[in-house]
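Participant: How does the following fold in three dimensions:
(2 chains)
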Amino acid sequence: MSATSPTEPGARLKLVSGLLVGLYALITLLPLLWIIATGFKSSADAIAYPPKLVFEPTLEGYVNLFTTQTRQTPEMLAADPPTTWYERIVSEKGMVIAGPSRFGERFLNSIIIGFGSTFLSVFLGTLAAYAFSRYRVPLKDDLLFFILSTRMMPPIAVAIPIFLMFRTIGLSDTHAGMILLYTAVNLSLAVWLLKGFIDEIPREYEEAALIDGYSRFHAFVKVVLPQAATGIASTAIFCLIFAWNEYAFAVLLTSGTAQTAPPFIPTIIGVGGRDWPAVAAGATLFLLPVMVFTILLRKHLLRGITFGAVRK
Amino acid sequence: MPETVIERAAAATPAQIARPLRSLSDRALAWIFIAPTIFLLLAVNIFPLIWTIRLSFTNFRANRPNAEVQFVGLENYRRILTDPDVWATMQVTAHFLIATLVLQVVIGFALAWLINQKFRGNDLWTTIIVLPMMLSPAVVGNFWTFLYQPQIGLFNAAVSFFTGGDPAGFSMIGEVALAPWAIVIVDTWMWTPFVMLICLAGLRSIPQSIYEAAECDRASKWRQFVTITLPMVLPFLMLAVLFRGIENFKMFDLVVQLTGGGPGSTTELTSITLKREAFEKWRTGYASAYAIILFVAVFGISSIYVKALNKVKAR
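Facilitator: Prediction:
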């Protein structure tokens, strides 16, 4: 038996702490599990009283999410029997599939705008962070504070002139406009985080390369970038999650072609009342990738969400 | 002589690219690296801010771009600051801020302290608790309206299970007395993990040797908590409050989807009023003045707060 330190918590305290934290974690998880479960319920099960914990799973919600449907008479349905599993689910309600819904497009928009803005902000952010980390830039602290302070404006306040600006130069409701906007919003986070990561890379590596006769730029590309790869990757994930979740700008500045999923999912309605299984199906598809990333990234989480203010 | 990675990389770079870059001075390179970032931030943040200030002195309406724009001086500011409805929404925002900050600090700190007892599996539980804050507030807030449904909602069912009341007897988002709590509960569920993570970082930064020394001096556990743990975590806690305060002052997506400001205007936070004025009533000049007032308020309060924070850190 090893001697325990006097400051090591006792076994009973550990047990009680574990139980309390576990209980809180389960309460936290419940609404998320409910979203996933509701996506697999039939519309009747979703609004059953009392709420159903055990139910027969169906893909009805997912089929409703991806299709638009119209009502059809029983004779017509009998004349043209369903051939695929999703047509069968729809025909049981006396409906036929009229075409695809807009969910696919909106989801694709989220992917294009999310990845586009993430690439741009990490690219520009890495360059700026390197310069701030390694060079004597005049007014460095003021510039860095300026970059941080751009996050204090309420999005709605910035949205008024941006709305007017985009309207004038024809960027409203375009992918390019949203990518630029999200890049600007994410840049502040990217610069602050990346500067922290680059600060930690010893200067000696670059100096050695410079003595060997390589240019600054060369040393940056071939020595600093590979060293900062982990930091760049986790910064990218944070930018991606922000762009993925953003709602205020998306709802005000897009309406048709460039609308992302967050403003779209709450507008999903069914025939006769809200189609909660379809809403839950959309939410599940939209939230699940972020949950997976969060679990994979848990070690880097703290630095990203605190703007690099807290380091492990 | 062994070939290094750098030498191989240098040899692999085409001469046309390498030559002009090699001849750049350090200073030029620094500005080339920083300029795009500064330019983009100026274009998307500072330029709009100046535009907003200019608009705030006019009666411009964005839905009538051809109407004549009149300079109205400080009229918009005067109307906002003397409007009792504006003060009512400020009060709603203040109540929301106080309730969420108190709940999140208390629960967040308690959770961090418990997790720091290093029981087995604490990593797994921490990850699960953190999940909500990484998700889209609009999508999650929208789904919470389903959980809050009288009778069929999970939240009402859970409350009636523990209190024995009627699950159809109350509506969290429909009743004037309950709606403010409805948004506080969801915000606390989402953002307590943020405070928890920062507190945890604070707790883990305290060197064990301090506790060992206190143990030798026979200080009681409670005394150790009050004289060591609390003061050393305080700067972290204040940082968490700053971040959460700014975020909740700007709060829009979650509450718009949950209650839309209703019933009446019981949950109408300042961002929601701003959106109504700017994008529904199209009083662009008036809304711009409102935005400037909010920005000055956030900026002013956080600067004072940061000064206090630095004082605590320096102690």
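Participant: which residues touch residue B:43?
Facilitator: Each residue near residue B:43 by CB atoms under 8 Å, 6 or more residues apart in numbering or on different chains is listed here: residue A:184. All C-beta atoms are positioned from the backbone trio N, CA, C, and that covers glycine.
Participant: And for residue 218, the neighbour number?
Facilitator: The chain I'm using is chain A. Residues near residue A:218, counting by other CB atoms under 10 Å in any protein chain shown, number 22.
Participant: sorry, should have said chain B
Facilitator: 7.
Participant: Make sure I have this right: it is in a strand.
Facilitator: No: secondary structure of residue B:218 (DSSP: H, G, I helix; E, B strand; the rest coil): coil, not part of a strand.
Participant: Next one: it from chain A, what distance?
Facilitator: 11 Å (CB to the nearest CB, to the nearest Å).
Participant: Show the pLDDT at that residue.
Facilitator: If you check residue B:218, the pLDDT there is 88.
Participant: do residue A:52 as well
Facilitator: pLDDT, read off for residue A:52, is 84.
Participant: the strands in chain A, which residues?
Facilitator: Assigned by DSSP state E, chain A shows strands spanning A:67-71, A:95-100.
Participant: Identify the neighbouring strands of the last one in the sheet and state each direction.
Facilitator: Sheet pairing here is set by DSSP bridges, and for strand A:95-100 it gives strand A:67-71 (antiparallel).
Participant: For the residue in the stretch 201-315 of chain B positioned nearest to chain A, which residues are in contact?
Facilitator: Distances between the stretch 201-315 of chain B and chain A by CB to the nearest CB are smallest at residue B:291, namely 3.3 Å. Taking CB under 8 Å, 6+ apart, we find residue B:291 in contact with A:153, A:154, A:156, A:157, A:160, B:52, B:56, B:274, B:278.
Participant: which of those residues lies closest to residue B:119?
Facilitator: Relative to residue B:119, the closest of the contacts of residue B:291 is residue A:154; by CB to CB it sits at 40.7 Å.
Participant: returning to what we had before: and the residue of the stretch 201-315 of chain B closest to chain A, which helix or strand is it part of?
Facilitator: For residue B:291, the enclosing helix or strand under DSSP states H and E is helix B:284-314.
Participant: Between the contacts of residue B:291, which sits nearest residue A:182?
Facilitator: Proximity of the contacts of residue B:291 to residue A:182 was ranked by CB to CB; the top entry is residue A:153 with 14.8 Å.
Participant: Can you give me the distance of the closest one to residue A:304?
Facilitator: Relative to residue A:304, residue A:153 is positioned 21 Å away (CB to CB, to the nearest Å).
Participant: Please apply the same query to residue B:254.
Facilitator: 20 Å.
Participant: I'd guessed residue B:292 sits against residue B:53; true?
Facilitator: Yes: with contacts counted by CB atoms under 8 Å, residue B:292 reaches residue B:53, the gap being 6.1 Å.
Participant: So which of the two has more stuff around it?
Facilitator: A direct count of neighbours by other CB under 10 Å for residue B:292 and residue B:53 places residue B:292 higher, at 20 against 15.
Participant: Look up the closest residue to that one, ignoring the ones flanking it.
Facilitator: Among residues not flanking residue B:292 along the chain, residue B:56 sits closest, at 5.3 Å (CB to CB, 6 or more residues apart in numbering or on different chains).
Participant: what's the pLDDT at the one you found?
Facilitator: Confidence score, pLDDT, at residue B:56: 92.
Participant: Quick check: residue A:206 vs chain B, distance?
Facilitator: For residue A:206, the distance to chain B - CB to the nearest CB - is 10 Å.
Participant: so who does that residue touch?
Facilitator: Counted by CB under 8 Å, 6+ apart, residue A:206 has contacts A:134, A:216, A:219, A:220, A:223, A:224.
Participant: buried stuff in stretch A:15-23?
Facilitator: A:17, A:18, A:20, A:21, A:22 (16 or more other CB atoms under 10 Å in any protein chain shown).
Participant: Distance from the chain centre to that stretch, please.
Facilitator: 30 Å (CA atoms, centre = their mean, to the nearest Å).
Participant: residues in contact with it?
Facilitator: Contacts with stretch A:15-23, where a contact means CB under 8 Å, 6+ apart, come from A:9, B:111, B:114, B:115, B:117, B:119, B:120, B:121, B:122, B:125, B:126, B:129.
Participant: Report the mean per-residue pLDDT for that stretch.
Facilitator: The model assigns stretch A:15-23 a mean pLDDT of 93.
Participant: what ranges do the helices span in the stretch 1-150 of chain B?
Facilitator: B:5-12, B:15-22, B:26-41, B:47-55, B:75-81, B:84-115, B:122-130, B:137-147 (DSSP state H, counting those that start in this stretch).
Participant: and the gap between the residue nearest the centre of chain B and residue A:79?
Facilitator: Among the residues of chain B, the one closest to the centroid is residue B:247, at 2.0 Å (CA atoms, centre = their mean). Distance, residue B:247 to residue A:79, using CB to CB: 58 Å.
Participant: try residue A:25
Facilitator: For residue A:25 relative to residue A:79 (CB to CB), the value is 54 Å.
Participant: what does residue A:103 give?
Facilitator: Relative to residue A:79, residue A:103 is positioned 30 Å away (CB to CB).
Participant: can you check residue B:71 too?
Facilitator: Counting by CB to CB, the gap from residue B:71 to residue A:79 is 70 Å.
Participant: for residue A:162, same thing?
Facilitator: Residue A:162 sits 54 Å away from residue A:79, going by CB to CB.
Participant: quick one, which of the two is more surrounded?
Facilitator: residue A:162 (27 against 9).
Participant: ok, the more buried one touching residue B:45?
Facilitator: No: between residue A:162 and residue B:45 there is no contact under CB under 8 Å: 9.5 Å.
Participant: just to revisit the earlier point, who has more neighbours, residue B:254 and residue A:304?
Facilitator: residue B:254 (24 against 19).
Participant: Break chain B into its domains for me.
Facilitator: B:19-55, B:76-314 (automatic domain parsing).
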